[in-house]
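[1] Build me a structure from this.
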Amino acid sequence: MLPAGLYAPWSVPLLRVPIVDARPGMVLGLDIPHPSLAGGVLLRRNAELDDRCIARLAEMGVREICIRYPGLEHLAKFHDPRVMSTHRKLVTELAGVLDAGMVQQHVELDYWTYKRAVADVLEALMANPAAAALTSDLASGDTPNVRHHGGVCMLSLLMALKLDYYLIRERPRMPAAAAKNLAALGVGAMLHDIGMARIAPDALRRWNLSPDESDPAWQEHVQLGHDVVSGQIDPAAAGIVLHHHQHWDGTGFPARKELSGESHRLRGSEIHVFARIVAAAETLQRLRYPAHAPGADDRLRPPRPTVAAMHGLLRTPLSSRIDPLVLKALVTVVPPFAPGTIVTITGGRTAAVVEWSPLDPCRPVVEVLPTGIIPPNRTGREPQRERIDLRVSEDVQVCEAEGHDTTPWLFQPRTPQEFDLPLATRTMDNRALGDLSERPAA
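    Numbering: from 1, shown residues only. The predicted structure is shown next:
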């Protein structure tokens, strides 16, 4: 129980507001992280905005803020400061090692510190699973390179928490508890692109201007990164650094040299399941934040809406490069319109996303905001809010979010089961039991 006069920060109703829509008098519900200093804070929660403050935030590249919004208390479950705090600590560790990787020939890696940071994040996520709906955007205030690594790590852990049975199946030589241990996954995801700072400067410049995965000089980053981490972290984590660009359909890199001297491209289950998970998370993060490598400028290549990134990921050729079950897990943990997001729906009405279903991700439940983004005056009578479930009201859709027209990117399941991860897992379990029953007695 909290002392009198104090409130639980996770009980504050929050609304995500683009900085272009910020207005004087709005009160911050969350700290605003510094856009170029990992672990730094520009403005603390409970600060009241004014015109000068809003202009300065926009100048510094802040694109979105979370404000206190009375009447949306049911959104509080999605904002857990414990999750955010542990994530910020992880990002701080990341910033240090990535900076060192850019200036030092030999980088000393503190595996146990990284492992502890990952464990803290996992404990926070498991304590409040609902907070997972916002984790894909937690690193939005950091430098592009750090943001990318932090986002990939968080998404990888979230997917793995949904894939516990699959991890046991894909790691059959290990006891179940060891197969589901995610420490190596988290550390490998943290460091997956550490080799990007070691490739030739011309190759890095080309990549930042126009990504080309066929560039041999850029492809070297996986081997260069593996050289940095090998022997300093768990082999499974080091394997992620080397293999996170292996594709399910066999089109990835690097090729493996066989004893015969021939090269062999890994595909399907030949690729470690951890690398498959990180590959999916990394692809989505690159689509969401095109500027993500060392030296990238997100003013030249600004972030894209989450729904646009998800739309691209679910289309060929990208969808064929990802393990199908891992792809279902990714859809399960990344809402195209996260709870608390302001959207414009059919008819031009302003609404807040309050719930969503992974089974039909682009049709969330929204509440129409009669007063728009301006928080209602609690001294007067609060207008009645209309709640609309877009899965039921099929004539209504999200038309705009994150400052963009979303209609070209809306997607829907081709079948009711397409994004049903629990059903896919049960089906896999039944098939495995069927295979066992068909085996002759020993």
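
[2] So what's the residue count around the closest residue to residue 402 other than its chain neighbours?
    Leaving aside its chain neighbours, residue 402 sits nearest to residue 305 (4.3 Å; criterion: CB to CB, 6 or more residues apart in numbering). C-beta here means a position set from N, CA and C on the backbone, and glycine is covered the same way. Close neighbours of residue 305, defined as other CB atoms under 10 Å, add up to 20.

[3] Please tell me how far residue 305 sits from residue 397.
    15 Å (CB to CB, to the nearest Å).

[4] Now do stretch 354-368: distance to the chain's middle.
    Distance, stretch centre to chain centre, for stretch 354-368: 18 Å (CA atoms, centre = their mean, to the nearest Å).

[5] Mind listing what's buried along that stretch?
    For stretch 354-368, burial by neighbour count (16 or more other CB atoms under 10 Å) applies to 354-356, 358-368.

[6] for the stretch 151-300 of the chain, what spans make up the helices?
    In the stretch 151-300 of the chain, the helices defined using DSSP state H, counting those that start in this stretch lie at 164-170, 176-179, 183-190, 201-209, 216-219, 221-229, 235-243, 273-288.

[7] hmm, back to that, quick check: phi and psi on the residue nearest to residue 402?
    Per-residue torsions, residue 305: phi -60, psi 150 (degrees, to the nearest 10).

[8] Is residue 148 in contact with residue 191, as I believe?
    No: counting by CB atoms under 8 Å, residue 148 stays clear of residue 191, with 11.8 Å between them.

[9] more crowded one of these two?
    The neighbour count for residue 148 versus residue 191, taken as other CB under 10 Å, is higher for residue 191 (30 against 27).

[10] my read: that one touches residue 149, true?
    Yes: Residue 191 lies in contact with residue 149 (CB under 8 Å); the separation is 7.3 Å.

[11] circling back to that earlier point, most tightly packed of the helices of the stretch 151-300 of the chain?
    Highest mean neighbour count among the helices of the stretch 151-300 of the chain (mean count of other CB atoms under 10 Å): helix 183-190, with a mean of 27.

[12] Which elements pack onto that one?
    helix 81-103, helix 111-127, helix 144-162, helix 235-243, helix 273-288 (3 or more CB pairs under 8 Å, 6 or more residues apart in numbering; DSSP states H and E).

[13] can you do 7 Å?
    helix 111-127, helix 144-162, helix 235-243, helix 273-288 (3 or more CB pairs under 7 Å, 6 or more residues apart in numbering; DSSP states H and E).

[14] Using PDB, list the CA coordinates for that helix.
    Output of helix 183-190 as PDB, limited to C-alpha atoms (Å, rounded to 0.1, in the frame of the first residue of the first chain):
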ATOM      1  CA  ALA A 183      19.700 -15.300 -21.400                       C
ATOM      2  CA  ALA A 184      21.800 -16.200 -24.400                       C
ATOM      3  CA  LEU A 185      19.100 -15.100 -26.700                       C
ATOM      4  CA  GLY A 186      18.900 -11.700 -25.000                       C
ATOM      5  CA  VAL A 187      22.600 -11.100 -25.000                       C
ATOM      6  CA  GLY A 188      23.000 -12.200 -28.600                       C
ATOM      7  CA  ALA A 189      20.100  -9.900 -29.700                       C
ATOM      8  CA  MET A 190      21.800  -7.000 -27.800                       C
END
